[in-house]
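**Student:** sequence first, predicted model second:
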Amino acid sequence: MRVMATAGNEALIATRARATEAARQAGGAPAAADSARVADTGVPVLALQGISLSFGGVTALERIDLSVAKGEIRAIIGPNGAGKSSLLNVVSGLYRPDQGMVRLGSERFTHVPAVRLAALGVARTFQNLALFKGLRVLDNVVMGLVARRRSGFVRQILSTPLARREEIEACAAAEEAIAFLHLDAVKHQLAGGLPYGIQKRVELARALVARPQLLLLDEPFAGVTVGEKQELATHVRNARDAYGTTIVLIEHDIGIVMGLSDRVAVLDYGRKIADGVPAEVRSDQAVIDAYLGVAHEGETELVI
Amino acid sequence: MFEFQFFVEVLVGGLLSGVMYSLVAIGFVLIYKTSGVLNFAQGAMLLFAALTFVSLVERGVPFWFAIGATLVVMVALGVAVERVVLRPLVNQSPMTLFMATLGLSYVIEGVAQLLWGTQVHGLDLGIDDVPFEVGGVLISQFDLFAAATAGALVAGFALFFRHTRTGLAFRAVADDQFAALAVGLRLSRVWAAVWTAAGTVALVAGLLWGARLGVQYSLSLVVLKALPVLMLGGFDSVAGAIVGGLLIGAIEKLAEIYVGPLFGGGIEAWAAYVVALTFLLLRPSGLFGHKLVERV
Amino acid sequence: MTTLARSAVSRGITPGRVGLVAMLIAAYGLVPFVGSDYVLDALLTPFLALALAALGLNLLTGYAGLVSLGSSAFLAVGAYAAFNCNVRLQELPLLASIVAAGLVAAAVGIVFGLPSLRLRGFYLAVSTLAAQFFVQWALTKFGWFSNNNPSGVIDAPALTLSGLTFSSAVGRYVVSLTVVVVATLLAARLLRSQVGRNFIALRDHEIAAKVIGVPLLRTKLLAFGVSSFLIGIAGVLWAFAYLRTVEPAGFNLDRSFEILFIIIIGGPASIRGAFLGAAFMVVLPLLLSRLGAALLGDVFDSGVLEMSQRIVIGALIAGILIAEPRGLISLVDRLADRIRHRLSRPLRNPTQP
């Protein structure tokens, strides 16, 4: 139904998308009902309502609505500068939106508290790697559990039973995440010295070790080789299948996303221009225009 | 008892000495803006310039010739610093660069004093420090001269950076080093120009401060006066350095007279830092700074 | 041969630990008997105090990435706090005074660390100078701190521990050594714990650390607190065991820079680096004066020595940052690796077919 949309009537699309979203939230048939993988269509793990954000007059996001169901892999794609990273930063509390509401599980925020993010069951990775370069891989992954620590520094120095137990548990969980992502061979090396693709996997392990309910991946496939892309995609899917983690991922290479995601939302110039299962989005005229149109020179990564 | 005339006198005295702080701070800003280095050696350069000049004059070199020769020495020093120390560190963190300039300041101070000795030299710029009266307020003639010189220097730089190709290149580099590199600007030329400018500032500031305090080791500690100015005005803003300097100068003098006695005096050692710190805690982006969005 | 080595490793006996124990045995069992008073007084005791101060700063700057230019303020706070504990609470045993001095320094450090909650980078580094100048001013200005000595000078009491007096050169060395060993072990333990990881996470990527759930505010203040605690204790050793008469002017900016230079030279984020750097800093003037006197004779007076020392240290800082930002300890490690490699080769060869 959205196939006939063109760049000229984005407003109509946006309105329609919101209507669909609203209908779905009101208990109507989910837009992605044909996706077999969507495990649970009850309360969304993440819901954005009318998120707007601007930087000094430049609009980055305009009235974005988005809903992510439990257990799904949800992709947000769009050309460079479409506002994808801004959206993720709003969800993780690094940016404060000008308007709108973010719902994480049962809590609603106008500004998500970044310091409580881990406690809310949300983990994320970063576009340009955010590993702790001076720590070994194992310690990086252990860091992923820092929000669970109850023992303060005095107990840690004195090595009380609580501190010891926490340390043992954290190390065991980290070892498991490391094995899950096939990082055993490098676990005692400093993270900063590893090849880029491996660092990406370490970051994934650090995000996964806490078994988050919601995992936000910021361009997980950027800058890795083709072979590594497939491998990473497998790891992402495995993470969802093994732990039931809901995953939101941002990508501008839409090819790899299509095979991996259950539903795809497309952003362009800060607005959501399409939202649906991969097949729908792939043939959406607005999406094709956004990727191949004159507005974005040099953005021809769309492989249809 | 509060005397308005006395207050104005203190205020004017503070503003005028603030100009001297601004002068040192501008040397920092020039380098920080173009290369992202907080050059702690600025104070040592100031000492080096003043010592070189005084020693030349004491050996009978005519005044203006000594100025010219010192300027040449300072430019050579600046370019050497850039080549030998900063260029090899080009991809390091700003803090690493800062520490390198800290080491550098030790080297320059040591060399200056090995070359020219550690005794205190008097420096007479030929201006009588006779206070004169404007509307009932006593103003130091020397302070006024210093302020005028500093003002002229800043105006000169402003014209230079606005109206010359090198000035344009400087502003481009200050704005975005990589973009400047991408459009084919020769960074080495810009940096040479910047260090020349910083050397000139060091010379002028060194002469003015030297004439007031005597030319000696403690001259390099003038940086410690400039640092709170930079905190207040921002490390990257010439306007901030000027306004910050005036503010710190004025507040410092006023605080010393009106608040100092409450603590038994001597508070100028830290008052400027407390002022700058308080201001920054209330307004983290500083006087003129704009809040940068952290990109992740 | 190899199985023996392996089983040793599994029991926690690593080359590093063996070396550490050997050094401790030498430091306690050998040095006090063979070291002359000069060596103990002019080299080893200041080395220990400086090493502990550098370790304290390293926690803050090397590990947590928060640059402080005001460390000698905390040396001073430690020294004067211990002095006041001793004068005003005479029943307090020496050890308690030392710990109390550390706690006072930690409290002052946390206060001056508060700006770190809002300031970053250079702004924070410059703000630590406030501590430097304020503390020096306060100790000179208010007679109470120095028990009303007009110029703020304090004289250290004799070091007595449960009735025993340690006022000889050997005694002061042994007390310093013991304090430094205990403090270092505790610091090492802290750095191996989650708190230590948090420090490094804060340094390497503050935003990621925040999102992951590192309590940033607490971690920053803790870094300031623990760092100042150690530096404060080092200040007690500096004043009580090494100089024995100190004045506020001795805790100046140059001393702060000296401590910073120790960690740059030795190696940031390394405990051994702090010790190596401190050793270097203590030995350098000696080497220079011997070398200068041999090369230049009488021209090389104390003024020239001081200047050349500044030049050498400054040049070394710049040189190390350019050539080996991980400090001398990294060179030592590489050298040790090479030696170990060479030694193990002839042993291993016969076992390989």
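**Tutor:** Thanks, I have it. Residues are numbered from 1 along each chain as shown, chains lettered A, B, ... in the order given.

**Student:** let's see the pLDDT reported for residue 229.
**Tutor:** Reading this off chain A. Confidence at A:Lys229, expressed as pLDDT, is 88.

**Student:** that's the other chain; I wanted chain C
**Tutor:** For C:Phe229, the model assigns a pLDDT of 98.

**Student:** neighbours of C:Leu117, how many?
**Tutor:** When neighbours are counted by other CB atoms under 10 Å in any protein chain shown, C:Leu117 registers 12. Where you see a C-beta, it was placed from the backbone N, CA and C, and this is true even at glycine.

**Student:** OK, contacts around it?
**Tutor:** C:217, C:220-221 (CB atoms under 8 Å, 6 or more residues apart in numbering or on different chains).

**Student:** could you give the mean pLDDT of the biggest helix by length in chain B?
**Tutor:** Looking across chain B with DSSP state H, the single longest helix is helix B:4-35. In this model, helix B:4-35 has a mean pLDDT of 87.

**Student:** helices or strands up against that helix?
**Tutor:** For helix B:4-35, the packing partners by 3 or more CB pairs under 8 Å, 6 or more residues apart in numbering or on different chains; DSSP states H and E come out as helix B:42-58, strand B:137-139, helix B:141-163, helix B:165-175, helix B:187-213, helix B:223-233, helix B:238-258.

**Student:** off-centre distance for that helix?
**Tutor:** Taking CA atoms, centre = their mean, to the nearest Å, one finds helix B:4-35 lying 9 Å from the centre of the chain it belongs to.

**Student:** whichever residue of the stretch 101-250 of chain A sits closest to chain B: what secondary structure?
**Tutor:** Residue nearest to chain B within the stretch 101-250 of chain A: A:Phe126 (5.6 Å; CB to the nearest CB). Using DSSP: H, G, I helix; E, B strand; the rest coil, the structure places A:Phe126 in coil.

**Student:** strands of the stretch 101-250 of chain C, start to end?
**Tutor:** All strands of the stretch 101-250 of chain C, identified by DSSP state E, counting those that start in this stretch, fall at C:154-155, C:160-161, C:164-165, C:245-246.

**Student:** can you list contacts of the last one?
**Tutor:** Looking back up the chat, that one is strand C:245-246. Contacting residues not belonging to strand C:245-246 are listed as C:79, C:153-156, C:238-239 [CB under 8 Å, 6+ apart].

**Student:** the helix or strand hosting C:Gln309 packs against which elements?
**Tutor:** According to DSSP states H and E, C:Gln309 maps onto helix C:302-323. If you count contacts as 3+ CB pairs under 8 Å, 6+ apart, helix C:302-323 packs onto helix B:94-116, helix C:253-266, helix C:271-296.

**Student:** and the strands in chain A?
**Tutor:** A:46-55, A:58-68, A:73-77, A:99-104, A:107-109, A:122-124, A:214-218, A:246-251, A:263-268, A:271-276 (DSSP state E).

**Student:** just how off-centre is the helix holding C:Gln309 within its chain?
**Tutor:** Relative to the chain's own centre, helix C:302-323 is displaced by 20 Å; criterion: CA atoms, centre = their mean.

**Student:** please save the CA atoms from it in PDB.
**Tutor:** Output of helix C:302-323 as PDB, limited to C-alpha atoms (Å, rounded to 0.1, in the frame of the first residue of the first chain):
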ATOM      1  CA  SER C 302      75.200  24.100  41.700                       C
ATOM      2  CA  GLY C 303      73.500  26.800  39.500                       C
ATOM      3  CA  VAL C 304      74.700  25.100  36.300                       C
ATOM      4  CA  LEU C 305      73.700  21.800  37.800                       C
ATOM      5  CA  GLU C 306      70.200  22.900  38.500                       C
ATOM      6  CA  MET C 307      69.800  24.300  35.000                       C
ATOM      7  CA  SER C 308      71.200  21.300  33.200                       C
ATOM      8  CA  GLN C 309      69.000  19.100  35.300                       C
ATOM      9  CA  ARG C 310      66.000  21.100  34.100                       C
ATOM     10  CA  ILE C 311      67.100  20.800  30.600                       C
ATOM     11  CA  VAL C 312      67.800  17.000  30.800                       C
ATOM     12  CA  ILE C 313      64.400  16.300  32.500                       C
ATOM     13  CA  GLY C 314      62.500  18.500  30.100                       C
ATOM     14  CA  ALA C 315      64.200  17.000  27.000                       C
ATOM     15  CA  LEU C 316      63.600  13.500  28.400                       C
ATOM     16  CA  ILE C 317      59.900  14.200  28.900                       C
ATOM     17  CA  ALA C 318      59.500  15.300  25.300                       C
ATOM     18  CA  GLY C 319      61.800  12.500  24.100                       C
ATOM     19  CA  ILE C 320      59.900   9.800  26.000                       C
ATOM     20  CA  LEU C 321      56.500  11.100  24.800                       C
ATOM     21  CA  ILE C 322      57.700  10.900  21.300                       C
ATOM     22  CA  ALA C 323      59.700   7.700  21.300                       C
END
